Each structure stands twice: as C-alpha cells, then as structure tokens.
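**Student:** The following block contains a protein sequence and its predicted model.
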Amino acid sequence: MGIIFSRSLWGLPRQKYALEVHVDSAEIEAAIDPDIPIIDPHHHLWDARDQDKGWPIPPIVIKILYKLNPRIMVPLMYSGQEARVQNFVTKFMWAAVPYMENEMLRDVENLPQSDQPLPDAGDWPDGRPQGHRIRGTVYVESGWHDPKAASRAFKAVPEAALAQAVANRTGGRLCSGIVAHVPLTEGIDAVRPALKKLIDEYPNVRGIRHEIAYRECMFPLESQPKLAYNENFRSSFLALKEVGLTFDTWLYHDQIPDLRDLALAFPGVTIVCDHMAYPVGFPPYDRVTAFEEWKPLIKELAEKCPNVMVKISGLGSAVVGFGYEHRRIPPNSEELADAWGPYVRHCLECFGINRCMFASNFPVDKVSCSYTSLFNAFKRIVNEFSDDDKKKLFYSNAARVYRLNIPDAQT
C-alpha cells in the first residue's frame, strides 16, 4: 500500500525523497569554527505543488500525485524532461523536491529532513551536531512563470512575494535579501514598471538576476547565444542603474568574455558572477580541460572589471563534473576541500578577499553533500586566513553587496 499511497495520508511521517536519502547516508559532521557568522548569499526555495515553472504535467495532476506518493512524482517529472534538463538536475530531480523554509532550516541546523516543525532548543536530538551560525540568507530567483501575469515583464513578480513572506515568517533569518527576476530582454520601457513594483512592495529586494548561460544542447531551454549584447537587454541595464539594484547572472565559462564586455559597458552597476561562471566539466566535456580553459578567463574578468563580484559556489552541482551525485555515499568536507581547493584559491587570488562570497547554492548543490559539509569544506580551504578575511568571505562582503540590514553585519 505504501507504494501507491503516501505515508502522510495515514498520519505517518512522509517518505524521504531519494535526494534526502542520499544526503542522509553521508557522514554527519559538526560545524567547524561554529562561531563564525555566515550570510549565505545564494539559495533557492521551491514547491512544484504551488509554483508554475512550465512543468510537463498539469498543476492539478502534480498536486494529486504528490498527495498520493511524492516519491513516484519526482521520477515521473524527471522522465518528462529533455536530456539536457535531466543532465542538469540529475537523477535526483532536485527541482521537483519541495524545498521551502522548513527544509532549508533543517539543512541549516544540521537536522534530517522531515515534514515536522523544527524542534525547540530543549528537544534537540541527543548527540546531533549543530550546524553553522547562519545569520541571514539571500534568496535568488529560480524560474517562475505566472500564467496570470499582465505581461512577460511581471511573470516572476510572485516569486519575490513568496520570498518576502518567508523572510517575514522567519524573522529575516531566511531571505534577508532577495534577488528577483525581471526578463531584461523585454526592454527598458517594459522593465521599469516591474522593477518599481518589486521595490515598492517587497522591501528585501536587492537585485535582479537574468542568466546569460548558453551552450547548445544544454540547460537552460530558452537561452540565447550572446544575450549580453542584445539591444533590449542592455537598455534594461540602464533601469537597474537608475534604481540602484545589483545584477546577478549565472553563466558557463564560455560566456565569461560576454560578461566582461557587459561589465565594462556598465561600470556603475554592481555585477555578481554566480557559481564562478560554471567551468563545464560534466560528460561529454572534460573537467580538467574545462578548469584550464576557465582559469585565464576568470582572471581577465577580475582584472578588467572592478565592478564584478564572484560567488564561490556551484562546485557541488553536476555541471562542474566531480560526479558526486553518482556516489553511493557523498564525500565529507575534507575530500570536498581537497577537490574544490584549486577552484576556490584561484578565485580568491584573482578577485581578492573583498570581492568574493562563499555561498551554498542549495538545494542544487545538495546532490553532492550536506549543507554543513559544504561550508565546512570552505572553512577548511581558508583555515589559515585571518579572522578578518574569514568574516569578509563568509559574512561582511554579502552584507555590503546586498545592503543587508542585519545587526553587526559590517566589518
């Protein structure tokens, strides 16, 4: 019966998703240097039952199947995707696994996933190591298609409303800042009213993200080559400058020259390069070759564009090619630090301490490790750094770039 019907229908704890089982099989680590304050400047939240992202299954069917048995729903949604999407989201189909504030907070607190509320301090599981000291986070858009939007420029506005509601419910611990989405390809006249609505109605909005990633036969589905040179796209950049919002983008390492040219054209806009401009190393590409291609490109970007910041994140995603999602047991933080160290050190050397931020990219990077292990790996890599430099990398740089009103956030 449990194969067909969800345990939650019988009042029992829900079944765990394959992604959660995978992470639970890893070593449970305690947070290293737990007193270091952290602002996680890049994470997502989603729930396919309530959020329309162009799924191949009608919304009403999604809700019914999740109610019957969510562990059946995830592989069904995976099988309905194109191969380039499947490669990006992996067999765990993280985009279909509900991940809202309860799931995020459980990862932050180093607790196993459950649909039950977080335990009170006095009810903490015996012997369970505590997580990192997360003081705030920045929610980053993750694709939203409101079918009722008045125009394309407003299609992702409800996503900012969701993130703001989470911030309000968690007292600002989550979604302290919001990087929303407005399709900049619509042009400045269409973009201005959408930006105004975001700023006027959702006080935590600090920036806009629009990806410039493009590779033939790779995700995202609607990407365009050379988007950074698109006339409408660039006209909309003027609107970002007018209202003082930052610009985030994710890209593959092929587009680093495009981002360089965009940053040079708009020196007054703070640009955040997400995930170190993904060096594409998963099959059929080669990770070692990608790393060598990426190094001089990221170095040139750092040298020529002082308005560009970089998020040290995304190394746990399938794109980079470490393949941890295929392992029976995920790696611990020591192994991650050894593998990720060359990428991290190169970014720090090129951009300097003041222009880098450590970020989780959860739940995307969850295919490789737990939240606690991820930040432990970063802490291992910069173990010899000064306390001031660590605070900048984990906390103060994010607070400065996203203008976060968190007590004691500034150095």
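**Tutor:** Happy to help now that I have it.

**Student:** contacting residues around P112?
**Tutor:** E20, D24, R106 (C-beta atoms under 8 Å, 6 or more residues apart in numbering). For glycine as for every other residue, the C-beta is placed from the backbone atoms N, C-alpha and C.

**Student:** Now, those that are in helices?
**Tutor:** When DSSP state H defines the helices, the subset of the contacts of P112 inside them is E20, D24, R106.

**Student:** which regions of the stretch 201-350 of the chain lie under the pLDDT threshold?
**Tutor:** The stretch 201-350 of the chain contains no residues with pLDDT under 70.

**Student:** can you rerun that using 90?
**Tutor:** 216-224, 282-284 (pLDDT under 90).

**Student:** Helices of that one, residue ranges please.
**Tutor:** 231-243, 256-265, 287-304, 333-351 (DSSP state H, counting those that start in this stretch).

**Student:** Export the ones you listed as CSV, with columns for distance to E325 and mean neighbour count.
**Tutor:** Shown next, in CSV, are these (distance: least, C-beta to C-beta, whole Å; neighbours: other C-beta atoms under 10 Å):
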stretch, distance to E325, mean neighbour count
helix 231-243, 33, 18
helix 256-265, 25, 18
helix 287-304, 14, 16
helix 333-351, 13, 18
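
**Student:** Nearest to R14, out of those helices?
**Tutor:** helix 333-351 (28.4 Å; C-beta to C-beta).

**Student:** Helix or strand next in line after that closest one, which one?
**Tutor:** strand 356-358 (DSSP states H and E).

**Student:** Neighbouring strands - and their directions - for that next one?
**Tutor:** Here strand 356-358 has these sheet partners by DSSP bridges: strand 308-312 (parallel).

**Student:** Tell me what angle the strand it pairs with forms with helix 256-265.
**Tutor:** 140 degrees (axes from the mean of the first three to the mean of the last three C-alpha atoms, to 10 degrees).

**Student:** still on that earlier bit, can you tell me which of the helices of the stretch 201-350 of the chain comes nearest to I28?
**Tutor:** helix 333-351 (11.4 Å).

**Student:** can you give me how far the closest one is from the chain middle?
**Tutor:** 18 Å (C-alpha atoms, centre = their mean, to the nearest Å).

**Student:** just to revisit the earlier point, I'd like to know which of the ones in helices among the contacts of P112 are buried.
**Tutor:** E20, R106 (16 or more other C-beta atoms under 10 Å).

**Student:** Tell me the one of the ones in helices among the contacts of P112 nearest P41?
**Tutor:** R106 (20.0 Å).

**Student:** and that closest one, what does it touch?
**Tutor:** Contacts of R106 by C-beta under 8 Å, 6+ apart are P112, Q113, S114, L118.

**Student:** Quick one: neighbours of the third one, just the number.
**Tutor:** Just to be clear, that refers to S114. For S114, the neighbour count with other C-beta atoms under 10 Å is 15.

**Student:** Tell me if it really is in a strand.
**Tutor:** No: looking at S114 with DSSP: H, G, I helix; E, B strand; the rest coil, it is coil, so not inside a strand.

**Student:** So it versus N69, what's the distance?
**Tutor:** Using C-beta to C-beta, to the nearest Å, S114 is found at 17 Å from N69.
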